[in-house]
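# Sequence first, then the predicted structure:
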Amino acid sequence: MEPKEQIETILRELFSNHKTNRIPEFFASHYISHTSKKDYKGLKIVSQWIQNLNRFLSDLKLVKLEFIHETNDLVVWKRTIKGKIKPSKNKKLPVGKLIKWEEMIVSKFKGNQIVEEWISSEFLGALLPLGKK
């Protein structure tokens, strides 16, 4: 399976079954995810990410997937995600409000697995205007 196909497959799996056990097929055991705040190591972060999104949002959907650049071991891509805010302790966020955001990802492959990713997300930016009142 080519890297783009692998990305499409694991995203379909994560968004349809957020408790999937297929993560080790697609991500190396020493996987590293770099974000603007912190670096995360290990497979647990992948399942935590999708479970947290499902805990916070209902009707979670992958709206768009765009591949920007690809080399032998790197894929630069963008995903657009949307979901409706669920009730939470933060009373400032409007329950049921639809939010939509983009994430830019650079995925580094070794063989058939993603070993490292650099992720830039607009998720908090999509939430911040909603909490101001």
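Received, thanks. Residues are numbered from 1 along each chain as shown.
# where along the chain do the strands fall?
27-34, 39-41, 57-70, 74-85, 98-110, 113-121 (DSSP state E).
# Run me through the strand neighbours of the second one, direction for each.
As defined by DSSP bridges, the strand partners of strand 39-41 come to strand 27-34 (antiparallel).
# any idea how far the strand it pairs with is from the chain center?
With C-alpha atoms, centre = their mean, to the nearest Å as the basis, strand 27-34 stands 14 Å off its chain's centre.
# From the rest of the structure, what touches that strand?
By C-beta atoms under 8 Å, 6 or more residues apart in numbering, the residues outside strand 27-34 that reach it are 10, 39-43, 45-46, 110, 113-119. C-beta: built from backbone N, CA, C; applies to glycine.
# if we go to 7 Å?
39-43, 45-46, 110, 113-119 (C-beta atoms under 7 Å, 6 or more residues apart in numbering).
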